[in-house]
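[1] Below are the sequence and a predicted model; questions follow.
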Amino acid sequence: MSRPDIELFKELDPEALQKKFLNSLIKIHNVRRGSIWIQKEDTYVCVEAAGAESDNIKGVVLESGHPSIVGWVIENKQMTVAETKSDRRHYREVEDEFVVKSSQILCFPLFLREKEVYGAVQIIDTAPGKTRLNLDKEYLDPLQNLVDICSIAMSNAILFSKEKKKALHLKSALSRMQKESLIIGQSESFQKSMGLVKSYADTDFHVLITGESGTGKELVAERLHKRSSRREKPFLVQNCSAIPETLLESELFGYKKGAFTGATRDRAGLFEAADGGTVFLDEIGDMPMSTQAGLLRVLQKNEIKPLGETKARIIDVRIVAATNKDIKKMIAENSFRQDLYYRLSVLPVHLPPLRERREDIPLLVKHFLETESVKANGQEKKVVPDAMQHLVAYHWPGNIRELENLIRYLMVTTPEEYIQAVNLPSHFREQQSITDDPYASPGGLQPQLTNEFMVDLTGLTWPGLEKTYVQLLLKKHNWNITWAAKASGINRSTFASRMRKLNIKRNQTD
């Protein structure tokens with residue numbers, strides 16, 4: 001008996017390997033037909049066919065409840081020979097429309113390494129006299145060994161293909177996440193801000209974004225640009241606190257050759273490079289007064305004057321500025337121009353700090369865990385409720401940026417799938433797990449929940465007992481309905497329905 005070419009076992013493409021394997025068996029037996037079947041839940045699917053009528057066999061699905069030679073071999077995990085005219089296991093309906101029908105079928109199970117059967121291969125004799133197949137035991141035993149080796153090679157190829165597809169999917173998901181710059185939040189204060197952003201995007205007025213450091217001001221600025229009519233034009237960013245005063249002016253407005261020592265050629269500034277698009281000026285509160293005058297000219301007349309240039313140039317840019325400082329206080333201290341402030345803040349939007357939108361913390365944690373697991377090409381970790389309560393109660397001085405960095409730290413330092421409270425840095429665990437007021441400042445933490453959860457149940461009616469239970473459960477989970485429903489053991493829609501029936505609203509128990 002000849003053996004298939006050794007190159008067969010080097011093939012990693014499942015479809016190519018199946019085709020080569022089947023054709024090799026057909027050639028060895030000198031028959032005209034063969035097929036490979038894979039078990040998929042309660043069915044057997046023909047994934048490859050060769051020889052006569054192959055186009056009519058490939059893709060055929062057999063129900064496991066219907067007698068078939070393939071099904072018998074997979075269920076019994078052993079080879080069989082069947083004469084199709086007399087064997088009741090033969091699924092004759094498959095061949096009803098065939099011009100040339102099978103006369104004898106030799107069927108082998110396909111094994112994984114652990115001897116688990118995942119499919120079967122049929123070698124089919126179509127000669128009327130059943131003269132093609134060699135059924136001698138001395139021949140079939142080594143052939144079974146050969147089929148076993150090839151079946152493992154095919155299962156490896158399938159696994160390799162699945163892992164490759166998974167890697168491509170993860171890569172695509174990561175690329176999509178990076179491009180989309182997701183902004184996540186369901187809290188009322190955050191949704192109100194996002195509502196303003198959505199309405200501002202349809203206009204061409206300048207926008208001033210205020211909020212603490214790490215609240216996502218640049219992401220919001222980018223969303224404003226991507227949803228505006230300028231989306232096909234540049235979106236350029238300049239942090240006003242990152243470079244010295246003299247360099248900032250040349251970065252924004254550009255310069256002419258010879259304007260100063262080292263200016264060996266003309267250089268376009270940020271405003272000119274972004275013509276037609278959007279310029280995001282981060283930390284506008286750190287912009288020097290001298291540069292503020294040049295910016296005011298851009299806002300008033302849509303023109304710039306590069307250093308060393310005698311004539312102004314007309315530009316078309318939309319400015320989105322951001323600051324974590326109290327601009328009105330700076331105006332009173334004469335460190336920020338009042339006229340510039342009024343020009344910039346035509347459309348103001350404030351981003352609330354993370355401690356004022358605690359119900360968004362579980363959503364953000366899940367998002368960052370998912371993002372980091374994709375980057376690391378690893379399993380997504382999960383945060384247990386006890387640890388999540390510490391995260392929800394924390395005051396987050398660094399806001400979302402601090403949360404993102406914490407998740408990266410936990411991804412590296414937590415070997416297990418589940419992140420426990422003990423895995424959190426000590427300053428998270430030293431703080432009370434939940435506050436009486438979910439929006440309280442860190443200095444106003446209330447006593448432990450264990451005290452306020454001591455309720456005399458004997459004085460309650462049954463409806464009162466249910467209402468108290470739901471209220472306390474919501475308070476424990478900072479009014480995150482999804483988490484409260486999960487803790488109660490019912491689905492979210494049912495839990496929300498009970499809240500409505502019991503007339504439970506947030507302001508009743510806060």
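    Here it is on my side, so go on.
[2] And for residue 41, the neighbour number?
    7 (other CB atoms under 10 Å). C-beta coordinates here come from the backbone N, C-alpha and C atoms, glycine included.
[3] Could you give me the buried positions within stretch 67-84?
    For stretch 67-84, the neighbour count (16 or more other CB atoms under 10 Å) marks 68-74, 79-82, 84 as buried.
[4] residue ranges of the helices in the stretch 151-300 of the chain, please?
    188-201, 217-226, 245-253, 270-273, 289-301 (DSSP state H, counting those that start in this stretch).
[5] got the angle between the first one and helix 217-226?
    Compare the direction of helix 188-201 with that of helix 217-226 by axes from the mean of the first three to the mean of the last three CA atoms, to 10 degrees and you get 40 degrees.
[6] I'd like to know which elements helix 188-201 is packed against.
    When contacts are defined as 3 or more CB pairs under 8 Å, 6 or more residues apart in numbering; DSSP states H and E, helix 188-201 packs onto helix 217-226, strand 347-350.
[7] quick one, which of these is nearest to residue 323?
    helix 217-226 (8.4 Å; CB to CB).
[8] So for residue 454, what's the pLDDT?
    Looking at residue 454, its pLDDT is 45.
[9] Hmm, I typed the wrong one, I wanted residue 198.
    Looking at residue 198, the pLDDT reads 93.
[10] residue contacts, the closest residue to it other than its chain neighbours?
    In this structure, residue 198 finds its nearest non-sequential neighbour in residue 227, 7.2 Å apart by CB to CB, 6 or more residues apart in numbering. Counting by CB atoms under 8 Å, 6 or more residues apart in numbering, residue 227 makes contact with 198, 201-202.
[11] Let me have those residues in TSV, extended by distance to residue 333.
    Listed next are the contacts of residue 227 as TSV, based on distance: CB to CB, whole Å:
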residue	distance to residue 333
198	34
201	33
202	35
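[12] quick one: which of those is most hemmed in?
    residue 201 (19 neighbours).
[13] contacting residues for that residue?
    Applying CB under 8 Å, 6+ apart, the residues near residue 201 are 223-224, 227-228.
[14] Can you go through these and name the buried ones?
    Judged by 16+ other CB under 10 Å, buried ones among the contacts of residue 201: 223-224, 228.
[15] pLDDT for these - can I get that in JSON lines?
    Output for these, formatted as JSON lines (pLDDT from 0 to 100):
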{"residue": "223", "pLDDT": "92"}
{"residue": "224", "pLDDT": "94"}
{"residue": "228", "pLDDT": "94"}
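[16] and which of the residues you listed is nearest residue 385?
    residue 223 (31.9 Å).
[17] surely that closest one meets residue 182?
    No: using CB atoms under 8 Å as the test, residue 223 is too far from residue 182 to be in contact (9.8 Å).
[18] which stretch among the helices of the stretch 151-300 of the chain comes nearest residue 347?
    helix 188-201 (4.8 Å).
[19] List the buried residues in the closest one.
    Buried, per 16+ other CB under 10 Å, within helix 188-201: 189-190, 193-194, 196-197, 200-201.
[20] ok now do the residue nearest to residue 63 when sequence neighbours are not counted, which residues does it touch?
    Using CB to CB, 6+ apart and skipping the chain neighbours, the partner closest in space to residue 63 is residue 43 (6.0 Å). By CB under 8 Å, 6+ apart, the contact set of residue 43 is 61-64.
[21] okay, who's weakest in these by pLDDT?
    Out of the contacts of residue 43, that is residue 64, at 83.
[22] check contacts around that one.
    39, 42-44, 71.
[23] Export those as CSV, with columns for secondary structure, pLDDT and distance to residue 146.
    As requested, the contacts of residue 64 are exported to CSV (DSSP: H, G, I helix; E, B strand; the rest coil; pLDDT from 0 to 100; distance: CB to CB, whole Å):
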residue, secondary structure, pLDDT, distance to residue 146
39, strand, 88, 21
42, coil, 85, 30
43, strand, 89, 27
44, strand, 91, 22
71, helix, 92, 23
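[24] Looking at those residues, which one is closest to residue 470?
    Using CB to CB, the contacts of residue 64 come closest to residue 470 at residue 42, 41.5 Å.
[25] Correct me if wrong: that closest one contacts residue 61.
    No: if you go by CB under 8 Å, residue 42 and residue 61 don't touch, sitting 10.2 Å apart.
[26] which one of the helices of the stretch 151-300 of the chain lies closest to residue 325?
    Per CB to CB, nearest to residue 325 of these: helix 217-226, 12.1 Å.
[27] who does that closest one touch, helix- and strand-wise?
    helix 188-201, strand 207-210, strand 235-239, strand 278-282, strand 318-323.
[28] Mind listing residues that contact that helix?
    Counting by CB under 8 Å, 6+ apart, 181, 183, 193, 197, 200-201, 207, 209, 211, 231, 235, 237, 277-278, 280, 282, 318, 320, 322, 324, 349, 351 sit against helix 217-226.
[29] In PyMOL, select just the buried ones from those residues.
    The buried residues among the contacts of helix 217-226 can be selected in PyMOL (16+ other CB under 10 Å) with this line:
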select buried, resi 183+193+197+200+201+207+209+211+235+277+278+280+282+318+320+322+324+349+351
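[30] Ramachandran coordinates for the residue lying closest to residue 276 once chain neighbours are set aside?
    With sequence-adjacent residues excluded and distances taken as CB to CB, 6+ apart, residue 276 is closest to residue 233, at 4.0 Å. Dihedral pair for residue 233: phi -100, psi 170, per degrees, to the nearest 10.
[31] Just grab the bridge partners of residue 38 for me.
    residue 45, residue 119 (DSSP bridges).
[32] Quickly note the distance from it to residue 100.
    25 Å (CB to CB, to the nearest Å).
[33] Compare these two and say which one has the larger neighbour count.
    Remark: of residue 38 and residue 100, residue 38 carries more neighbours, 21 against 15, as counted by other CB under 10 Å.
[34] That one contacts residue 45, doesn't it?
    Yes: in this structure, residue 38 is within contact of residue 45 by CB under 8 Å, at 5.5 Å.
[35] For residue 213, give me the pLDDT.
    93.
[36] can you tell me which residues contact the closest residue to residue 266 other than its chain neighbours?
    Nearest residue to residue 266, sequence neighbours excluded (CB to CB, 6+ apart): residue 257, at 5.2 Å. Taking CB under 8 Å, 6+ apart as the criterion, residue 257 is in contact with 263-266, 308.
[37] Just the buried ones among the residues you listed, please.
    Of the contacts of residue 257, not one counts as buried by 16+ other CB under 10 Å.
[38] so can I have JSON lines of these showing distance to residue 487 and pLDDT?
    Formatted as JSON lines, the contacts of residue 257 follow (distance: CB to CB, whole Å; pLDDT from 0 to 100):
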{"residue": "263", "distance to residue 487": "65", "pLDDT": "80"}
{"residue": "264", "distance to residue 487": "67", "pLDDT": "83"}
{"residue": "265", "distance to residue 487": "65", "pLDDT": "87"}
{"residue": "266", "distance to residue 487": "65", "pLDDT": "86"}
{"residue": "308", "distance to residue 487": "67", "pLDDT": "86"}
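[39] quick check, nearest of the residues you listed to residue 378?
    Distances from residue 378 to the contacts of residue 257, taken by CB to CB, are shortest for residue 265, at 47.9 Å.
[40] Can you pull the phi/psi pair for that closest one?
    Taking degrees, to the nearest 10, you get phi -160, psi 160 for the backbone angles of residue 265.
[41] Can you tell me the SS state at residue 470?
    helix (DSSP: H, G, I helix; E, B strand; the rest coil).
[42] For it, give me the pLDDT.
    87.
[43] Now do it against residue 393, distance only.
    For residue 470, the distance to residue 393 - CB to CB - is 21 Å.
[44] Which of the two has more residues huddled nearby?
    Neighbour tally, residue 470 and residue 393, criterion other CB under 10 Å: the higher count belongs to residue 393, 23 against 20.
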